[in-house]
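Undergrad: Got a predicted structure here, sequence first:
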Amino acid sequence: MRNVNVIIVGGGPAGVITALTAKSVYPDKSVCVIKEIGDGVIPCSIPYMMQTLSDPKQNVAGNMPLEQAGIEIKVGKVVSFDAEAQTVALEGGDILSYEKLVLATGTEVVLPPIQGIDLDGVYTVRKSLSAMTVLRKKVHAARNVVIIGGGFIGAEFADELSQIANVSVHLVELMPKLLFNAFDDEFCDNVSEILSKQGVSLHLNSRVASIDGDKGVKSVTLDSGEQLPADLVLVSIGARPSNVLAEEAGLLIAENGSIWVDDYMRTSVEDVFAVGDCALKRDFFTRKAAPVWLASTATAEARNAGTNIYGIRVLHQIQGTVAAFSTQIGGFSLASAGMTSRSIEKEGFRVVSATAEAPDRHPGMLPGASTMKVKLFFSDRSGIILGGQVSGGPSVGELINVIALAIQKKVTVREMDMMQIATHPLLTSAPTVHPLINAAHQALAKLRATIKV
């Protein structure tokens, strides 16, 4: 039996960043990452392995940062760990002892109980090069593809597959809108309009009744009775936290299946931490459990755990997930952070909102200019920002990070109205009409109108 100071189970973004942080903060400690998938890929770029990237190998998640930091990498499956003895058992019989253990086991794919789900030709998204290389070949050989699920993965795959010649794409979504949980209706409608123009057939408010065929997929039947031709089905309806190791070892599991953790990513068992998609997420505003599984959230948790793994060095840096998302569909960028109209209504928050639009260059006739729209929500008493959504060109992907930071720092509508910004004709909206400031200014005017003198 060999001893390693810090063992991390899982080689995704959470596991890698925990390892790098721990090694940086505690350079004298030995760190080992045990990962089940030897040919891992960058998760968020998986859709683009189908067509945009000329070779799927371009999306490989390499080991160089870990190797350069002096971190051991072991490919294998952890079958159990003993929290009392502080040992980890691998498939094949190897046993390692640890001082600190970090579970970064991610999520498992959810397969709905649909008749025919086990037929040849039904695929899920896997985070391995070999699996996604096979899917790419199958997609290019297909003529009719049905995607089940209209969240980020489903919408991005639909966008990507619509670029492949001679492939007909159907997208089936149970909710009335695509990206329903992340955006307000007007932003969701933008996505539907773009995909429809690209030839994707959308089936909203629809449920798959069965996947049909003998040995392989032939069609998909909806609950309405409509049959969609299909020789390939991609299931992307969600995932659940991978908690088997933790549950078998006696760790506390939250109601939603996540591994319970405190503000420093410590589990209910001493010297055992959990980070990333397997760990409990709490909403920034309500502290309720929130199934928000993002690499950005995971890496923030990883830095938290890696820094504090041998003692609390940094206090209360993560106060809950702000659910910051971004995507691009058909060249159109969308992003969201914090609360949306739906979550505001569900939780009963009192808000004022405002929307502003302007070209993201000035003047708007400059090459590459597009209309940027910003929608902001503020508390109607404190004026603290609660959420924001942005659409337009590529700069949306960074502007949402400004909003996400504003949410975390509890910036008020007055502070945002007075915010000093950098602008340039080729890079940003004009300072006179910048939609972020203008949306805040309009919201502030609404708040002032409610104040009785």
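TA: Arrived safely, thanks for sending. Numbers count the residues shown, from 1 in each chain.

Undergrad: Let me see the ranges of the strands in the stretch 1-150 of the chain.
TA: Assignment of strands within the stretch 1-150 of the chain using DSSP state E, counting those that start in this stretch yields the ranges 2-9, 31-35, 72-75, 78-82, 87-90, 95-103, 107-109, 122-124, 144-148.

Undergrad: correct me, but residue 220 touches residue 145?
TA: No. With contact defined as Cβ atoms under 8 Å, residue 220 does not count as touching residue 145 (10.2 Å). Where C-beta positions appear, they are placed from N, C-alpha and C, glycine not excepted.

Undergrad: who touches both of the two?
TA: Residues touching both residue 220 and residue 145 (Cβ atoms under 8 Å, 6 or more residues apart in numbering): 170, 230, 233.

Undergrad: Just give me the closest of these to residue 361.
TA: The shortest separation between residue 361 and any of those is 36.8 Å, and it belongs to residue 170 (by Cβ to Cβ).

Undergrad: Mind listing residues that contact stretch 429-447?
TA: Taking Cβ under 8 Å, 6+ apart as the criterion, the residues outside stretch 429-447 that touch it are 352-363, 372-376, 378, 380, 383, 388, 399, 402-403, 413-414, 416-417, 419, 421, 423, 428.

Undergrad: Which positions in it come out as buried?
TA: By 16 or more other Cβ atoms under 10 Å, the buried positions in stretch 429-447 come out as 429-430, 434-444, 447.

Undergrad: Pass me the low-pLDDT residue ranges in this protein, would you?
TA: Across the chain, residues meeting the criterion (pLDDT under 70) sit at 451-453.

Undergrad: Nearest the middle, which residue of it would you pick?
TA: Central residue check for the chain by Cα atoms, centre = their mean: the C-alpha nearest the mean position is that of residue 294, 3.0 Å away.

Undergrad: How much space separates that residue from residue 276?
TA: Per Cβ to Cβ, to the nearest Å, residue 294 is found 10 Å from residue 276.

Undergrad: Equivalent analysis for residue 201, please.
TA: 35 Å.

Undergrad: more neighbours, those two?
TA: Just comparing residue 201 and residue 276: by other Cβ atoms under 10 Å the higher neighbour count belongs to residue 276, 32 against 14.

Undergrad: Can you say which of the contacts of stretch 429-447 are buried?
TA: Buried positions within those, assessed by neighbour count (16+ other Cβ under 10 Å), are 352-362, 372-376, 378, 380, 383, 388, 399, 402-403, 413, 416-417, 428.

Undergrad: Can you flag which of those belong to strands?
TA: Residues of these located in strands (DSSP state E): 352-359, 372-376, 378, 388.

Undergrad: of all those, which comes closest to residue 303?
TA: Nearest to residue 303, judged by Cβ to Cβ, of those is residue 388 at 24.1 Å.

Undergrad: what's the nearest residue to the closest one if we skip its chain neighbours?
TA: In this structure, residue 388 finds its nearest non-sequential neighbour in residue 403, 4.0 Å apart by Cβ to Cβ, 6 or more residues apart in numbering.

Undergrad: residues contacting the one you found?
TA: Under the criterion of Cβ under 8 Å, 6+ apart, the contact list for residue 403 reads 324, 337-338, 376, 385, 387-388, 390, 436.

Undergrad: Mind putting these into JSON lines with distance to residue 17?
TA: As requested, the contacts of residue 403 are arranged in JSON lines below (distance: Cβ to Cβ, whole Å):
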{"residue": "324", "distance to residue 17": "17"}
{"residue": "337", "distance to residue 17": "21"}
{"residue": "338", "distance to residue 17": "23"}
{"residue": "376", "distance to residue 17": "30"}
{"residue": "385", "distance to residue 17": "27"}
{"residue": "387", "distance to residue 17": "26"}
{"residue": "388", "distance to residue 17": "26"}
{"residue": "390", "distance to residue 17": "26"}
{"residue": "436", "distance to residue 17": "29"}
